[in-house]
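*Asks:* Kindly return the folded structure for what I paste below:
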Amino acid sequence: MTATFSAIELVVHDLPTSLAFYRRLGLDIPADADQAPHVEFEFPGGIRVLWDTVETIRSFTPDWTEPAGGHRLALAFDCGTAADVDTLFDEFTGGGYNGRKKPWDAPWGQRYATVDDPDGNPVDLFAALTP
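*Replies:* Down below sits the predicted model:
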């Protein structure tokens, strides 16, 4: 199995303000997205930018705190299948990497997990729950 780089996630305090900024850069994000807790934009070629509000992140990671002196982005990799998310998470944690969030079924229809890279940056592993 080979994971495919798929998305860059931004955690934001003010979603409409953040989306307005990226719209100014030319991203065609619908106006009704301003009210969503999770927004996605796909570039030609399939790479996506994801926006999640702080509240959305805290809904599944209640102890999340604002980064201080560290990253504000998380890399996300599409693992292909829900089972592959679990397998890859086990391979990373079995290899000594920190498992930040064990695999779980997200309300937006994906199997999700997070591991830390060697520098402590979160790397999300995900796949659609239905093929």
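*Asks:* mind listing the strands for the protein?
*Replies:* Counting by DSSP state E, the segments of the chain that form strands are 4-12, 38-42, 48-53, 73-78, 99-106, 110-116, 122-128.
*Asks:* Low-confidence bits of the protein, can you list those?
*Replies:* Using pLDDT under 70 as the threshold, the predicted model of the chain has low-confidence ranges 71, 131.
*Asks:* okay, the angle between the lengthiest helix in the chain and strand 122-128?
*Replies:* The longest helix of the chain (DSSP state H) is helix 82-94. For helix 82-94 against strand 122-128, the angle between stretch directions is 160 degrees (axes from the mean of the first three to the mean of the last three CA atoms, to 10 degrees).
*Asks:* Against which helices or strands is helix 82-94 packed?
*Replies:* The criterion is 3 or more CB pairs under 8 Å, 6 or more residues apart in numbering; DSSP states H and E, and the helices and strands that helix 82-94 contacts are strand 99-106, strand 110-116, strand 122-128. For the C-beta atoms, the positions are set from N, CA and C on the backbone; glycine is no exception.
*Asks:* what about the nearest residue to residue 13 once chain neighbours are set aside, neighbour count?
*Replies:* Nearest in space to residue 13, with sequence neighbours left out and distances taken as CB to CB, 6 or more residues apart in numbering, is residue 54 at 5.7 Å. Using other CB atoms under 10 Å, residue 54 is surrounded by 16 other residues.
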